[in-house]
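**Student:** I need the structure of the sequence given here:
(one chain, ligands or ions: 1)
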Amino acid sequence: MIIAIGADHGGFKLKEQIREHLAACGHEVTDCGTYDETSCHYPMYAEKVAAAVASGGAELGVLVCGTGIGMSMAANKVRGIRAAVVGDCFSAEATRRHNNANVICLGERVTGAGLALKIVDAFLAAEFEGARHQTRIDMISDIENRNL
Ligand code: RB5
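**Tutor:** Coordinates of the predicted model:
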């Protein structure tokens, strides 16, 4: 799977661990930065990853900041992106199965690296269930079309 990843300075270390983990699992990783711990602005990296996913260049995206929250807010401004902040494996699986989330956002200051890698694995392994959930995704798209 081609996976786009990105972080700000608050998520840099965890992003590096996720990149190594995904590569070790055989995924092709597009690293959209940041590339060191210098203070930077999370919306820049959220937009890069979101654009990669929205354009089809990557199938899924992973974003990391201090909390995951700012990244999700920014990524969800890109048409077609359904970004979810997740801190547990159940939610990671559910947001793929029910919400067809295509970007997962993690908080380095919230979630330890061991759990974060399990969360990413659960997210990647789950599949969208469609059916009644597609109706609701279509409703989200309608909101997007009326407001963006
Ligand atoms: C950076 O200090 C921090 O605000 C950022 O990483 C993120 O947590 C924002 O949501």
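
**Student:** could you use CA atoms for every contact and neighbour count after this?
**Tutor:** Will do.

**Student:** quick one: buried residues of stretch 57-71?
**Tutor:** Using 16 or more other C-alpha atoms under 10 Å as the test for burial, stretch 57-71 gives 58, 60-71.

**Student:** looking at these, which are in strands?
**Tutor:** Per DSSP state E, strands hold the following members of the buried residues of stretch 57-71: L60, G61, V62, L63, V64, C65.

**Student:** how much space between the residue lying closest to the last one once chain neighbours are set aside and the ligand?
**Tutor:** If the residues on either side of it in the chain are set aside, C65 comes closest to G11, at 4.1 Å by C-alpha to C-alpha, 6 or more residues apart in numbering. G11 is 6 Å from the ligand, where distance means C-alpha to the nearest ligand atom, to the nearest Å.

**Student:** ok, which of the ones in strands among the buried residues of stretch 57-71 also contact the ligand?
**Tutor:** When contact is defined as C-alpha under 6 Å from any ligand atom, those meet the ligand at C65.

**Student:** the closest residue to E129 other than its chain neighbours - how many residues pack around it?
**Tutor:** For E129, ignoring the flanking residues on the chain, the nearest one in space by C-alpha to C-alpha, 6+ apart is R97 at 5.2 Å. Neighbour count for R97, taken as other C-alpha atoms under 10 Å: 18.

**Student:** any idea how far R97 is from the ligand?
**Tutor:** Using C-alpha to the nearest ligand atom, which is the criterion applied here, R97 is 25 Å from the ligand.

**Student:** got JSON lines for the buried residues of stretch 57-71, with pLDDT too?
**Tutor:** Output for the buried residues of stretch 57-71, formatted as JSON lines (pLDDT from 0 to 100):
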{"residue": "A58", "pLDDT": "98"}
{"residue": "L60", "pLDDT": "98"}
{"residue": "G61", "pLDDT": "99"}
{"residue": "V62", "pLDDT": "99"}
{"residue": "L63", "pLDDT": "99"}
{"residue": "V64", "pLDDT": "99"}
{"residue": "C65", "pLDDT": "98"}
{"residue": "G66", "pLDDT": "98"}
{"residue": "T67", "pLDDT": "98"}
{"residue": "G68", "pLDDT": "98"}
{"residue": "I69", "pLDDT": "98"}
{"residue": "G70", "pLDDT": "98"}
{"residue": "M71", "pLDDT": "98"}
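
**Student:** thanks a lot, catch you later.
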